[in-house]
Every structure is written in C-alpha cells, then in structure tokens.
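S.K.: Sequence and predicted structure are below.
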Amino acid sequence: MPAPPASENELIQRADALAGRSLGDLAAELHLPVPPDLKRHKGWIGDLLEHVLGAEAGNASEPDFPHLGIELKTIPVDDRGRPKQTTWVCVAPVGVLDPGPWWTSAVRRRLARVLFVPILGDGPPGERWCGVPVMWSPDADQEATLKQDWDTLTELLAAGEVWQWHARHGTALQLRPKAATSSNRTWVTDDEGEWVQTVPRGFYLRTSFTAGILAGEARLLDP
DNA sequence: ACTTGATCATAC
DNA sequence: GTATGATCAAGT
C-alpha cells in the first residue's frame, strides 16, 4: 500500500493522477478483488480510493488523513458531473440532550476540508473511472447554510420531536436513517418525556449542495 | 426523475 | 452496538 501523503499538495498530485483511470486498474495494482456489482459491497469504491491514496484505515472519528486534517469522499456523478447520490457525513446526535454549538460539531469538523473524487460510469465497478478531484472547504455562504441546517436539525433532535426526524428538512444537510436495517433501534425520550425506540439517524449532504461544490470548482479549472 | 427511507459489508 | 465506507430500492 502507498505511504500516506506527506502534504496536501502531494495528496492533490496523487489524486489528480487518478483522473481517467479505471477502478479495475487501480484495484489490480493493489491486488484487490473487484466485486461484480455494489449491492453487497456498497463501500468498495470508498475503501479502494483510501488504499490508493494512502489513507490510514480504521482510525475511528478521525479524518482519513489525520496529519493533514483531510477527509476523503468518493461521489458518483453522471456524464455532466452532477452527483447521483447524497453524501454521508456522520451520525446524528439522537438521544443527546445538548449537541453543543455548531463550531464544535462533528459535521463542521468532518467538512472542514474534503477531497471529493468523482466517479464516472454506470457499469460494473471495475469499469467505472475517476474524474478530476476537487479539494474543498466551505466558503462563507456554504458554511452559513450548513450551520443553519445543523441548528434546525439538532433542535428537532434535542427536543425529542421524533415525528419530525425525516429527510425533508434542511437545504444542504438532511437527516436520514443510518442502520443495518430498519429494525435497528435506539432509545430516546420524545417531546413528552416518554421513552421510545427509533432507528438511528445520520447526516447527509443533498445532491443539490454537492453539485454546487463540484460545479464551482470545475469553473475554476475550465473558465 | 428524483427523493426519502432502508439496507449491506467490515472493523473494533 | 458504534463506527467506517456508501448505494439500493420503494415511494411519490
């Protein structure tokens, strides 16, 4: 496996060199198996790129590149570069009385600096390929949007308004189930102080928001 | 077509 | 069970 990149520039250079390369190729270089589809290997592309770029695996609650403070995200895009799926961020504070202020939140930390690697193609995983990567930090507008969504969502969570814990809130961030199955349950106190069970939730970035990130950076590359 | 709710594998 | 990595697939 490649050693971790020593600097952000080195990471960007490695990622740039991946543009246009097929995932099958990259997997072959590392002697990793290529699944026929992603139905039972949903994290395969993300794991593959972690290996290819020298991320340190398995460091819980740490960025993928801890020494650089950078998070790696792969994101499936269509032929126009628009995201086809939402982007996982982190677990939501379900059953937590005080989520604390935005500026100390896990969402803000995880999104402080992100390397997005677009993945093109609809066929078997090995036949898909990497696009031009985007190193991103939220600008003032984006951070304000994220903060507002986070404030709204964590207020609903802290208030125990369980019936409001659906995916239709938020312009950038949304709240969705995050579990192995819907029978997964966690205990929380609802708005009337009763103990109830509900499925764990996580925060995701809407495709409309990530589309802005990818398109905004693309304009800088090709004015 | 798109979004929301549900789900899959693996490590610790 | 909680965390990592996400996509699947039903519903609208």
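M.R.: Arrived safely.
S.K.: Phi, psi for A:Pro83 please.
M.R.: The phi and psi values for A:Pro83, taken as degrees, to the nearest 10, are phi -60, psi 140.
S.K.: got a list of what the residue positioned nearest the centre of chain A touches?
M.R.: Per Cα atoms, centre = their mean, the C-alpha nearest to the average position across chain A is that of A:Trp88, at 3.7 Å. Applying Cβ atoms under 8 Å, 6 or more residues apart in numbering to A:Trp88 gives the contacts A:Lys178, A:Gly202, A:Tyr204. Bear in mind the C-beta positions are built from the backbone N, C-alpha and C, glycine included.
S.K.: Quick check, A:Asp207 in contact with A:Gly81.
M.R.: Wrong residue type there; residue A:207 is Thr, not Asp. No - under the criterion of Cβ atoms under 8 Å, A:Thr207 is not in contact with A:Gly81, lying 11.7 Å apart.
S.K.: what about the helix or strand hosting the residue nearest to the centre of chain A and DNA strand C, touching?
M.R.: Take DSSP states H and E as the rule and A:Trp88 turns out to sit in strand A:87-91. Yes - counting by Cβ under 7 Å from any atom of the strand, DNA strand C has neighbours in strand A:87-91: A:Trp88, A:Cys90, A:Val91.
S.K.: could I get the residues you listed as CSV with pLDDT?
M.R.: CSV is the format used below for these (pLDDT from 0 to 100):
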residue, pLDDT
A:Trp88, 97
A:Cys90, 96
A:Val91, 95
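S.K.: Show me what from chain A comes close to DNA strand C.
M.R.: Residues of chain A that fall close to DNA strand C, judged by Cβ under 7 Å from any atom of the strand: A:37-39, A:42-43, A:45-47, A:49-50, A:60-61, A:64, A:71-76, A:85-86, A:88, A:90-91, A:119, A:176, A:178, A:180, A:184, A:186, A:200, A:202, A:204.
S.K.: check those against DNA strand B, which are close?
M.R.: Near DNA strand B, by the rule Cβ under 7 Å from any atom of the strand, you find A:Lys39, A:Lys42, A:Gly43, A:Ala60, A:Thr86, A:Arg176, A:Lys178, A:Ala180, A:Asn184 out of those.
S.K.: Closest to DNA strand C out of the residues you listed?
M.R.: Set against DNA strand C, the nearest of those by Cβ to the nearest atom of the strand is A:Gly43 (2.4 Å).
S.K.: And for that closest one, the neighbour number?
M.R.: 11 (other Cβ atoms under 10 Å).
S.K.: Quick check: it vs A:Glu10, distance?
M.R.: Per Cβ to Cβ, to the nearest Å, A:Gly43 is found 25 Å from A:Glu10.
S.K.: swap in A:Val34?
M.R.: Distance of A:Val34 to A:Glu10, given as Cβ to Cβ: 27 Å.
S.K.: in chain A, which spans are helices?
M.R.: Secondary structure of chain A (DSSP state H): helices at A:8-16, A:23-29, A:44-53, A:106-110, A:140-158, A:207-221.
S.K.: out of these, deepest packed?
M.R.: Comparing these by mean neighbour count (mean count of other Cβ atoms under 10 Å), helix A:44-53 ranks first with a mean of 20.
S.K.: what's the angle between it and strand A:87-91?
M.R.: Per axes from the mean of the first three to the mean of the last three Cα atoms, to 10 degrees, the angle that helix A:44-53 makes with strand A:87-91 is 90 degrees.
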